[in-house]
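**Q** Whatever this is, show me its structure:
(chains A and B)
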Amino acid sequence: MSVIVYIESQDQEIKKSSLEVASYGRAIADASGTELIAVSFGLDDTSILKHYGVDLIYAISTEEEVYFNSDRLSTTLAKIASEEGSQIIVFSSSANARYIAPLTAAKYEAAYFSNVIGLPLSYKPLTVKRSCFTNKAFNLSTSQKDLAVLSLSSNSFGIIEKEGKGLSKSSAYQESTSDLKVRSVEKTANKVTIADADIVVSGGRGLKGPEHWHLIEDLANVLGAATACSKPVSDMGWRPHSEHVGQTGKPVASNLYIAIGVSGAIQHLAGINSSKVKVVINNDPEAPFFKAADYGIVGDAFEVVPTLIEKLKALKGV
Amino acid sequence: MKILVCISTVPDTTSKINFVDENRAFDTQGVTFIINPNDEFGLTRAIWFQQKEGAEVTVVTVGDSSCEPILRKCLAIGADRAIRIDTVPQDGLSVASQLADLAKREAFDLIITGRESIDYNGGMVGAMLATFLKIPYLANCIHIEKEGDRYNLEREMDGGKELLNGSLPLVIGAQKGLVEEKDLIIPNMRGIMQARQKPLDVIQPQEIKVATAVESFEKPPAKGPVKLIDPTNIEGLIDLLQNEAKVL
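**A** Numbering: from 1, shown residues only, chains lettered A, B, ... in the order given. Predicted coordinates for the structure are as follows:
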């Protein structure tokens, strides 16, 4: 009996979404009277996991592998889950986690639930609440299997410090027979990603052109936020489509979403609906976004945003 | 080169989402159904391979006869033939296992699924299908092109992209970026007429595997009205975000 959580890291630092997943796994382990096991890959120092409720840590050495290998990762996780007799494996909702979670589940024809937004409502059978229809609805789903794999929606549970046993164990990094190989990675400048961000600042057509994007970027910088954009903006090539949020773009589940010059098409609102607090700045009082937002300013972005940046800088002392 | 494109039928992106039968079923009344957008990006790339390299493009869906207009639309867009596996999908595993049974009988070189459907948002069918077929899966695929006898591929990740190289057979999860929105094909009259003559085979499902069941749906609670702040009172906004919403 055990719960397994998959720990992601970047540049030897554990991602916040993984600390949330560990906190969530701890709560499930407590509710079902079992142990919490964390599995990390290529991470040297896993000692902090103990403070987020982890009882047993598998710090897998990835040898010389520098790139993300979905086959080796999912095979290794599945093997540990089998050896530990786990009932639940929890992943974050990062792109990488959502890649390997269903691969891991498929190896045992396990139940897989993505976009889970809270603790299970029952354990026998396992029932979870998840978002569907691109955040326009939720559904309660039950597992018909002994093993369930969950992807937890970002910022849906929070990070909770709690002491675990913090023991460690080792296991081999499983080999791959796949010839699909990563050759290189192209990173977009050293920026906060939409998936990891607490705050997302998003711009729409109201900004009138890519030459005004410094407003979005400056505001994002002072807030430590990720930048995003609406669909027309990415379609017109003002911004890369990796920044497009909405139904066919990236989902956003940040704590604060600030939309500037975004009218709020239904597809855009669906994609950002999981964000907790929404602020809209738009000169059109009829923009649909005002119906979806918590706070709004009807005003000219070119006047409001520079003032907002200035006041926030003063507040943060930068 | 034989390509299989897996198609889901989903409510149009502007649909109002409501539920019936004590919140146990989606209310289809007044809803227009479309090709799942992620699947359509994949289909469009498949047609590109058909035109460029003479690939044969088969579309498949798991569903009842109400899905046939969508399959005809895929044929009008340019697919060579369509297959409907005659069972109502119950979950991602049930769909993936049916598709795997089909793919084991016919050797497809490239199998394309959407990144996820925009209704259930499961995001699992491609990964499960590849696992059952014991072939590699690439999620969030934004590029695939032949180079020699291998393929260059790209995966969109958080904050960048990965450049990969692999060989067929392969399953990819298609999304926007694999083709651009402007490259999507709107069927013309000739395509629509030809689609009527193209084969649409209905086949019976194999053993049905299921892992999960949807018990009920609910809609998010109604949101209160927006709190408007005067554009000259930026301090007021910052104060609300700090002290009321507690997000700064």
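
**Q** State which one residue of the stretch 151-300 of chain A is found closest to chain B.
**A** Relative to chain B, the nearest point of the stretch 151-300 of chain A is A:G299 (3.0 Å; CB to the nearest CB). Every C-beta, even on glycine, is put in place using the N, C-alpha and C of the backbone.

**Q** Who are the contact partners of that residue?
**A** Each residue near A:G299 by CB atoms under 8 Å, 6 or more residues apart in numbering or on different chains is listed here: A:I281, A:N283, B:P231.

**Q** Would you mind measuring from it to A:L256?
**A** The gap separating A:G299 from A:L256 is 19 Å, by CB to CB, to the nearest Å.

**Q** got any ranges where the stretch 101-250 of chain A has weak pLDDT?
**A** For the stretch 101-250 of chain A, the stretches flagged by pLDDT under 70 are A:189-190.

**Q** And the strands in it?
**A** Here the stretch 101-250 of chain A has its strands, by DSSP state E, counting those that start in this stretch, at A:111-116, A:122-123, A:126-132, A:137-143, A:148-152, A:167-169, A:181-187, A:199-203, A:226-229.

**Q** other SSEs contacting the last one?
**A** Okay, so that is strand A:226-229. Applying 3 or more CB pairs under 8 Å, 6 or more residues apart in numbering or on different chains; DSSP states H and E, one finds that strand A:226-229 contacts strand A:199-203, helix A:214-223.

**Q** Distance to A:E175 and mean neighbour count for those - can I get that in CSV?
**A** Putting the helices and strands packed on strand A:226-229 into CSV (distance: least, CB to CB, whole Å; neighbours: other CB atoms under 10 Å in any protein chain shown) gives the following:
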stretch, distance to A:E175, mean neighbour count
strand A:199-203, 39, 28
helix A:214-223, 42, 19
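
**Q** what would the ones you listed look like in JSON lines with distance to A:R239?
**A** Compiled in JSON lines, the helices and strands packed on strand A:226-229 are given as follows (distance: least, CB to CB, whole Å):
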{"stretch": "strand A:199-203", "distance to A:R239": "8"}
{"stretch": "helix A:214-223", "distance to A:R239": "9"}
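
**Q** Enumerate the positions of the longest helix along chain B that are buried.
**A** Across chain B, the longest stretch assigned as helix under DSSP state H is helix B:37-53. The neighbour-count check on helix B:37-53 (16 or more other CB atoms under 10 Å in any protein chain shown) flags B:37-50 as buried.

**Q** Can you lay out those residues as a markdown table showing distance to chain A and pLDDT?
**A** Shown next, in a markdown table, are the buried residues of helix B:37-53 (distance: CB to the nearest CB, whole Å; pLDDT from 0 to 100):
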| residue | distance to chain A | pLDDT |
| --- | --- | --- |
| B:P37 | 5 | 97 |
| B:N38 | 7 | 97 |
| B:D39 | 11 | 98 |
| B:E40 | 10 | 98 |
| B:F41 | 8 | 98 |
| B:G42 | 13 | 98 |
| B:L43 | 14 | 98 |
| B:T44 | 13 | 98 |
| B:R45 | 15 | 98 |
| B:A46 | 18 | 98 |
| B:I47 | 19 | 98 |
| B:W48 | 18 | 98 |
| B:F49 | 18 | 98 |
| B:Q50 | 23 | 98 |
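
**Q** Can you tell me which of the residues you listed is nearest B:R84?
**A** Proximity of the buried residues of helix B:37-53 to B:R84 was ranked by CB to CB; the top entry is B:D39 with 14.5 Å.

**Q** Work out which residue lies at the spatial centre of chain B.
**A** B:G114 (3.0 Å; CA atoms, centre = their mean).

**Q** got a list of what the residue nearest to that residue when sequence neighbours are not counted touches?
**A** Spatial nearest neighbour of B:G114, excluding adjacent residues (CB to CB, 6 or more residues apart in numbering or on different chains): B:N38 at 2.9 Å. Residues in contact with B:N38 (CB under 8 Å, 6+ apart) are A:T248, B:G114, B:R115, B:E116, B:S117, B:I118, B:G173, B:A174, B:Q175, B:K176.

**Q** let's go with 6 Å and repeat that
**A** Listed by CB atoms under 6 Å, 6 or more residues apart in numbering or on different chains, the contact set of B:N38 reads B:G114, B:R115, B:A174, B:Q175.

**Q** check contacts around residue 195.
**A** Reading this off chain A. A:S94, B:D158.

**Q** ah, I was thinking of chain B
**A** B:R72, B:L75, B:A76.

**Q** Now tabulate these in a markdown table and tack on secondary structure.
**A** What follows is the contacts of B:A195, written out as a markdown table (DSSP: H, G, I helix; E, B strand; the rest coil):
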| residue | secondary structure |
| --- | --- |
| B:R72 | helix |
| B:L75 | helix |
| B:A76 | helix |
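
**Q** Name the nearest of those residues relative to chain A.
**A** B:A76 (21.5 Å).

**Q** if I read this right, the closest one contacts B:M189, doesn't it?
**A** No - using CB atoms under 6 Å, B:A76 makes no contact with B:M189, being 9.3 Å away.

**Q** Now stretch A:55-66: average pLDDT?
**A** What stretch A:55-66 shows for mean pLDDT is 93.

**Q** Distance across it, terminal residue to terminal residue?
**A** For stretch A:55-66, the first-to-last residue distance is 28 Å (CA to CA, to the nearest Å).

**Q** and that stretch, which residues are buried?
**A** Buried residues in stretch A:55-66, counting neighbours by 16+ other CB under 10 Å, are found at A:D55, A:L56, A:I57, A:Y58, A:A59, A:I60, A:T62.

**Q** and which of these is nearest to chain B?
**A** Looking across the buried residues of stretch A:55-66 and measuring by CB to the nearest CB, the closest to chain B is A:T62, at 15.9 Å.

**Q** That closest one is in contact with A:F41, isn't it?
**A** Yes - taking CB under 6 Å as the definition, A:T62 is a contact partner of A:F41 at 5.1 Å.

**Q** follow-up on the earlier one: of the contacts of A:G299, keep whichever come out buried.
**A** A:I281, A:N283, B:P231.

**Q** rewinding a little: looking at B:A76 and B:M189, which has the bigger crowd around it?
**A** B:A76 (21 against 8; other CB atoms under 10 Å in any protein chain shown).

**Q** Regarding the nearest residue to B:V171 once chain neighbours are set aside, what is its secondary structure?
**A** Sequence neighbours aside, B:A130 is the residue nearest to B:V171 in space, at 3.9 Å (criterion: CB to CB, 6+ apart). When classified by three-state DSSP, B:A130 comes out as helix.

**Q** Now do B:A130 against A:S176, distance only.
**A** B:A130 is 13 Å from A:S176, by CB to CB.

**Q** Mind checking which of these two has more residues around it?
**A** A count of neighbours by other CB under 10 Å puts B:A130 above the other of B:A130 and A:S176, at 31 against 18.

**Q** That one reaches B:I172, doesn't it?
**A** No - with contact defined as CB under 6 Å, B:A130 and B:I172 do not form a contacting pair (9.0 Å).
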